[in-house]
Structures are given as structure tokens and as C-alpha cells.
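# coords please:
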Amino acid sequence: MSRPVGTGGSAAYRIPGLGRRIAGAAARLIPIALLLIGVPAALLAVLASHGIAGPVPLLTVTAFGVAIAGLATARYLARPTAALGPLSIAAAATTLLYVLVLLASPTYSFAIPGSAVTVSFSYRLLAELLLGVPLLALLAGVVTTIEDARSPRERLPYDFPP
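Reported below is the predicted structural model:
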């Protein structure tokens, strides 16, 4: 249940209770984990079952997936607090690092088992385009951190309108 909170002379806002935020975070965590951990792990397993080495080790995919999913969930829980900015920075920096790891070897080549055919493709352009998203999120986290330090609770009426 949301509880109205006043800010003196300004409009009230409704911060969802911790239980509701935990339920919302869990509802977000499941698809994020499936997308960042389950799908890539399944694709790498399919490649490995056909004798093809994946472009990124399974441990790397799993570690970054767990880190990003955990930080995104923590960020959602911390939305009404001043921890939102630093958690946003951490999540964006982790995502940025993951994309940079993917950019370390942007061309993937593999030989089709039992034939003389080699397939190569580059995902450099896609990864470079994807870099923009965590960079903007990183900047937004910095701005949020500065604004929360300068004017605590100023964003709450906008994030949690009455």
C-alpha cells in the first residue's frame, strides 16, 4: 500500500511500501535474468553441443548477467532513496564494461564441424551502437546523484505522484 508523504508546502507523493517494491523488483528480476543469463547460456550450450566454441565464455555471460540483474533489481528497490543515483551508476558501469568485453573480439569465426566451411561475422557496429545506452544511463545516474545530494526529496513528487 502506498503511503502519502508531505514535503512541507509542496505537493504530497505516494511512495509504495517495501513489500510492493519487493514484489515489483521480483517481477522485473525474472525476465531480466532470463534475458541476460538464460537465453545467452542456452545459445552457448546449443553451440557447444554442436562442437562450436562460443564467442564469449559462459562464465563471463553468467557473471555479468547476475551482476546487471542484481544491480537493476537493487536500483528498483532504492528508487525512493538517495541510493538510486549510485546504484544507477553501478548498473550502467557494469553494463558498459560488459559491452566493452564483448568488443574485445568483435569478429566471430567458427568452422562448421564435418565440413570445410568457415563462417565469420562481425558485431562491432552493433556493440558500438549499444555503448550509447549505458553511457547515457551512467550520465543520468551522475546527474541523479548530484541532484539528490543538492536537493533531497526533490524528485519524489515526480517519481511518485499523488
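# Where does the prediction get shaky in the chain?
1-11 (pLDDT under 70).
# run the last query once more with 50
Counting by pLDDT under 50, the ranges of the chain that qualify are 7, 9.
# Going by residue numbers, what spans are helices in it?
With helices called from DSSP state H, the chain shows them at 18-33, 39-49, 58-77, 84-103, 124-130, 132-150, 156-159.
# Check this structure and tell me which residue is nearest its centre.
Ile68 (4.5 Å; CA atoms, centre = their mean).
# my guess is that one contacts Leu36, does it?
Yes - the criterion here is CB atoms under 8 Å, and Ile68 meets it with Leu36 at 5.7 Å. C-beta here means a position set from N, CA and C on the backbone, and glycine is covered the same way.
# before we move on, back to that, can you say which of the helices of the chain is nearest to Pro113?
helix 39-49 (10.8 Å; CB to CB).
# coming back round to it: and the residue nearest to the centre of the chain, how far is that from Ile32?
8 Å (CB to CB, to the nearest Å).
# And the helices of the chain: which comes nearest Phe110?
That would be helix 39-49 among the helices of the chain, by CB to CB, at 7.9 Å.
# Next, the angle from that closest one to helix 18-33.
In terms of direction (axes from the mean of the first three to the mean of the last three CA atoms, to 10 degrees), helix 39-49 departs from helix 18-33 by 30 degrees.
# Sounds good, over and out.
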